[in-house]
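Undergrad: Attaching a predicted model along with its sequence, questions to come.
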Amino acid sequence: MQKRFNPLTPPKKIMRKIDNKEKKSNRQLEKAKLYFGINLTYSLLIFCIGLLGIYYVWSVNSLSTIAYSISDLKSENKSLMRELEILDVKIAELDSVSEIENSIDIRIMEEVEEPDYLVIKEWKNYVYNY
């Protein structure tokens, strides 16, 4: 009896090749593990470099933001110091003797004739000078 050819069953030669491919030697397994380990190492290295790059950009951004805030505060401080100096000059002008002598309050004051002075001595509580 002759075997009939079934197109669904693969020939024996092809089956042997498939079996040989499925059966891997220890050397092939070690090589595959090493290849996987190297790829994993490179992948992790690239991932870590990416994370460090992101961290670097974030830290530079936060540092520049802080530096900008500091420069704003310095410029505000300078303007406030200028304003303080201007106000000090105005206070000095208003406290000057000529300004006080020319003020209206001084002009309406009357001169006192024969003033009484209060003389305070350490050994006495108070004394009127007549």
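TA: Cool, got the structure.
Undergrad: ok, how many other residues are close to residue 71?
TA: Applying other CB atoms under 10 Å, we find 10 residues neighbouring residue 71. No exception for glycine: its C-beta is placed from N, CA and C like everyone else's.
Undergrad: Begin at 91 from now on, thanks
TA: Sure thing, new numbering starts at 91, so read that last one as residue 161.
Undergrad: Confirm it sits in a helix?
TA: Yes - under DSSP: H, G, I helix; E, B strand; the rest coil, residue 161 falls within a helix.
Undergrad: How much space separates it from residue 170?
TA: 15 Å (CB to CB, to the nearest Å).
Undergrad: try residue 145
TA: Relative to residue 170, residue 145 is positioned 37 Å away (CB to CB).
Undergrad: repeat for residue 195
TA: Computed as CB to CB, the residue 195 to residue 170 distance reads 32 Å.
Undergrad: So for the two, which residue has more residues nearby?
TA: Neighbours per residue (other CB under 10 Å) separate residue 195 from residue 170, with residue 170 holding more: 10 against 7.
Undergrad: I am finished for the moment; much appreciated.
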